[in-house]
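Colleague: just coords:
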């Protein structure tokens, strides 16, 4: 997983020290990337354990987890099958979220099948956009309240980035890369067809 | 060939677990990439043998080949000299296929000579676009019926991706990279000259 | 640091032999990259010591430091906590500086928090643009005179490139990558929303 | 030099098997890349010796040099200090040559100083565009006749690619990368400012 994080960094998905990642182990314990690490240097040791309120626990007490840890915690609560959560600042979801109001709608792309359960390009895929906020407690409530809008294991925060998750690293990666690819195609097509 | 597949993945040509690849060995047996493999981790062992109906055979019976295996089978039938078939989801053919109706026409690019038999930039190159479908049996018939439209060892499926092939890996790569390059140039020029 | 320089080169941030870099060691001595090195081959040995007037000193006397050494010297003087200064010719700051008059304003991006001291996306970030010049003595005076415009450890020279710095390599990288990312997003959004 | 060729391939500057390269050794003998090599696999052994008419000589007699060998030969004749010639199909010079009539003009970019002899961004740089042709003997005459238009060790062939050269590999690289960077910036700015 640390390898995936460094790979995404090399693609420019975690500029500066931004973005964050987590997994839930076989005992149900949540491990979150600690705050402020240069993701090009991320190591397995940079994951720390947190409780459901997003506070570091056990041997890691006192070490600061990522500022967005509470988002990870509430996603594990709302989607119990989730084992891995990835977050990216890649530009295309950010740009699309600056352009669109409430959601991203993808139509007719073969790659839509990258989302679990999708078996045809003929069914539209809809991913919600939430406004960005620094108040994680407030955002936790927003997610709980609007959970029914999340149908494809992912959402976008406006001018911030994409979250995607899955039942293992393999599926979480597939969902994040699918969302990023679809955002790239839509962005480029929108730039064109608006002409 | 596995190396080529991983290389194309690193270029973003196979987002999520998408795309598929095949070759025909000296005994005429078709080997296709199995379904659902993360292409960044693709190994030679991920190729499995299939019969002309696209079903896995021999020691691989029961392992699921790529969902698009039937496309590979019919291409080997229609173009008997073909030994290697490559498929890509790189964005430029996808974008061009969203923009154009039935075909891509390339004019005056030196790189058109990348297609076997082309010896000048002065002759237009025309690559067909087929509508995307999940029904492989239907698409097999479409290809057979419209085979005369395919003059440059390649075609594009709408909002899906590019197929290209050749008498060996070297030629198949040359055709796929030629098509991708021409799509990139045309996309960028179209974005401009429409203004 | 040499590794960072080679990495930025691989991203296309130092075309030809361009750009320059420096650090100030624990004794307060300034080390600047020497002139004309291909940054893909940059080694630690390519740093040479200079005095506050930008002239090479000590064992390096006579070796030509980067033509922009005086900029580094005056930045260390104006911002005493600075230990590392990075310079990039990446295209997005260059393009934005060709488009905008006096400054770049970033609004509502999460990544704005990459600048030291920024804790919310809700506060605008403003980075000054200075006209390019070959007269380093003149530009040194411009910087001194307009130092109050520099609030985020960085500025852009028009159609030239970005400068960013920090109290260590880690922070300097974070500032440069933050500025580049924000310029990329703004450039792409501006291209769109002007339509 | 083989390393540079493989590096440019990884940047997408030699799609398919295209582009070609040469150098002139201390005895004045011209070595040109042989025809049809996948540039991702290029080795020092893929250079062969040719005479001034572009025919392979010595131990390499009978091996086909690049189709554009005659261009290299005439450039060595017209610019006697030249030791290395590089050719690229990178998209930005190709796109700019599709857009502009006779020449590319660059104004006010710091990176213009990447061309030998340029010491300020304030002097315009002008690089000629020649129409593409498959007739190398004809093009050789065009180059001889219009040699005075070539002032910056480089030119562009329309919808084909860029040629750049220098007194060593270091300078030839600097000229090619300078031209590519300036074409990228101009292309992106033109896309914008035409709006």
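Modeller: Structure received. Fair warning: this is a prediction, and the values are worked out from it, not measured in the lab. Numbering: from 1, shown residues only, chains lettered A, B, ... in the order given.
Colleague: how about the residues of chain A near chain B?
Modeller: By C-beta under 8 Å from any C-beta of the partner chain, the residues of chain A that approach chain B are A:7, A:108-111, A:113-114, A:119-122, A:170, A:173-175, A:177-178, A:180-181, A:184-185, A:188-189, A:191-193, A:195. Yep, even glycine has a C-beta here, placed from its N, CA and C like the rest.
Colleague: same thing but at 7 Å, please
Modeller: Proximity of chain A to chain B, by C-beta under 7 Å from any C-beta of the partner chain, involves residues A:108-111, A:114, A:120-121, A:170, A:174, A:177-178, A:181, A:184-185, A:188-189, A:191-192, A:195.
Colleague: And the contacts of the longest helix along chain A?
Modeller: Scanning chain A for the longest helix, with DSSP state H as the assignment, gives helix A:169-193. Residues from elsewhere that reach helix A:169-193 (C-beta atoms under 7 Å, 6 or more residues apart in numbering or on different chains): A:1, A:4, A:84-86, A:88, A:90, A:92-93, A:95-96, A:99, A:104, A:106, A:109, A:111-112, A:114-116, A:127, A:153-154, A:162, A:164-166, B:15-17, B:38, B:91, B:94-95, B:98-99, B:191, C:191-192.
Colleague: Quick one: the helices in chain A, in order.
Modeller: According to DSSP H, the helices that chain A contains are A:2-10, A:69-78, A:91-99, A:136-145, A:169-193.
Colleague: Stretch A:76-93 near chain D anywhere?
Modeller: No: Stretch A:76-93 is not in contact with chain D by C-beta under 7 Å from any C-beta; minimum separation 14.8 Å.
Colleague: how far does that stretch stretch from start to finish?
Modeller: 22 Å (C-alpha to C-alpha, to the nearest Å).
Colleague: Then stretch A:87-105?
Modeller: Start-to-end, stretch A:87-105 (C-alpha to C-alpha) is 20 Å.
Colleague: what does the average pLDDT come to for that stretch?
Modeller: The predicted model assigns stretch A:87-105 a mean pLDDT of 96.
Colleague: Close to chain C: what parts of chain A are there?
Modeller: So chain A meets chain C at A:15-18, A:38, A:89, A:91, A:94-95, A:98-99, A:132, A:134, A:159-161, A:191, A:194-195 (C-beta under 7 Å from any C-beta).
Colleague: residues in contact with the helix or strand of chain A with the lowest mean pLDDT?
Modeller: Lowest by mean pLDDT, DSSP states H and E among the helices and strands of chain A is helix A:2-10, with a mean of 87. Residues outside helix A:2-10 that contact it (C-beta under 7 Å, 6+ apart): A:14, A:21, A:39-40, A:42-44, A:88, A:169, A:173.
Colleague: which of those are buried?
Modeller: A:14, A:21, A:39-40, A:42, A:88, A:169, A:173 (16 or more other C-beta atoms under 10 Å in any protein chain shown).
Colleague: which ones among those are found in strands?
Modeller: In this view, those that belong to strands under DSSP state E are residue A:88.
Colleague: of all the buried ones among the contacts of helix A:2-10, which comes closest to residue C:78?
Modeller: residue A:40 (29.4 Å; C-beta to C-beta).
Colleague: residues touching that closest one, list them.
Modeller: A:6, A:9.
Colleague: Spatially nearest residue to the residue sitting nearest the centre point of chain A, not counting backbone neighbours?
Modeller: In chain A, the residue lying closest to the centroid (C-alpha atoms, centre = their mean) is residue A:163, at 1.4 Å. Nearest residue to residue A:163 in three dimensions, chain neighbours excluded: residue A:87, at 5.2 Å (C-beta to C-beta, 6 or more residues apart in numbering or on different chains).
Colleague: OK, contacts around that neighbour?
Modeller: A:19-21, A:161, A:163.
Colleague: will you turn those into TSV that also has pLDDT and distance to residue A:66?
Modeller: Formatted as TSV, these follow (pLDDT from 0 to 100; distance: C-beta to C-beta, whole Å):
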residue	pLDDT	distance to residue A:66
A:19	86	8
A:20	90	4
A:21	93	8
A:161	96	12
A:163	97	12
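Colleague: What is the nearest of these to chain C?
Modeller: Chain C lies nearest to residue A:161 out of those, by C-beta to the nearest C-beta, at 6.6 Å.
Colleague: Any idea what that closest one is bridged to?
Modeller: residue A:157 (DSSP bridges).
Colleague: which ones are touching it?
Modeller: Taking C-beta under 7 Å, 6+ apart, we find residue A:161 in contact with A:19, A:87-89, A:93-94, C:110.
Colleague: gap between it and residue A:88?
Modeller: The gap separating residue A:161 from residue A:88 is 5 Å, by C-beta to C-beta, to the nearest Å.
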